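In: Turn this into a model:
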Amino acid sequence: MSFLPYALAAWLFFVGLYGIVTSRHFVHLVICLGVTQSSTYVLLLAIGYRTGKKAPIFTSGVPVKVGAVDPVVQALTLTDIVVGVTVAALLLALVIEIWKRAGTVDPDELRRNRT
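Out: This is a model prediction of the structure:
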């Protein structure tokens, strides 16, 4: 078992987190949030992967010799993707409303306009 997928998941998480912390634009913030969430896809798939096992698609039971990877992890990954797209769409709709009302999507500029 390799640690490379776990290292990739951690790297994606920290790159996305750095982007979230340093973001000066709401659209950039939403994209960095998507990068951070993609680290969970990699982590879930790394947890569910088994060397030498096949995809869990069988017509007459799982062969004992071959085995299969865990289908629950794959279902959780697909659910995570759907939730991520939904959250991104909602956040982008909120960014559009902020832009319509304030005329800017810079968080610092919004703070200055508020006071």
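In: neighbours around R101, how many?
Out: 9 (other CB atoms under 10 Å). For the C-beta atoms, the positions are set from N, CA and C on the backbone; glycine is no exception.
In: just checking, it is part of a helix?
Out: Yes. Under DSSP: H, G, I helix; E, B strand; the rest coil, R101 sits within a helix.
In: Out of the helices and strands in this protein, which is least certain?
Out: One helix or strand of the chain scores below all others by mean pLDDT, DSSP states H and E: helix 107-114, with a mean of 80.
In: any idea of the pLDDT on the residue nearest to A68 when sequence neighbours are not counted?
Out: In space, and not counting its chain neighbours, A68 is closest to P56: 4.2 Å by CB to CB, 6 or more residues apart in numbering. pLDDT, P56: 74.
In: Repeat that for V66.
Out: pLDDT for V66: 67.
In: mind listing what the residue nearest to the spatial centre of the chain touches?
Out: Nearest to the geometric centre of the chain sits Q37, at 2.2 Å (CA atoms, centre = their mean). The contact partners of Q37, taken as CB atoms under 8 Å, 6 or more residues apart in numbering, are G16, D80, G84, V87.
In: For ChimeraX, write the selection for the buried entries among those.
Out: Burial among the contacts of Q37 is assessed by 16 or more other CB atoms under 10 Å; the matching ChimeraX selection reads:
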select :16,80,84
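In: quick revisit: distance-wise, check the residue nearest to the centre of the chain relative to A89.
Out: Here Q37 is placed at a distance of 13 Å from A89 (CB to CB, to the nearest Å).
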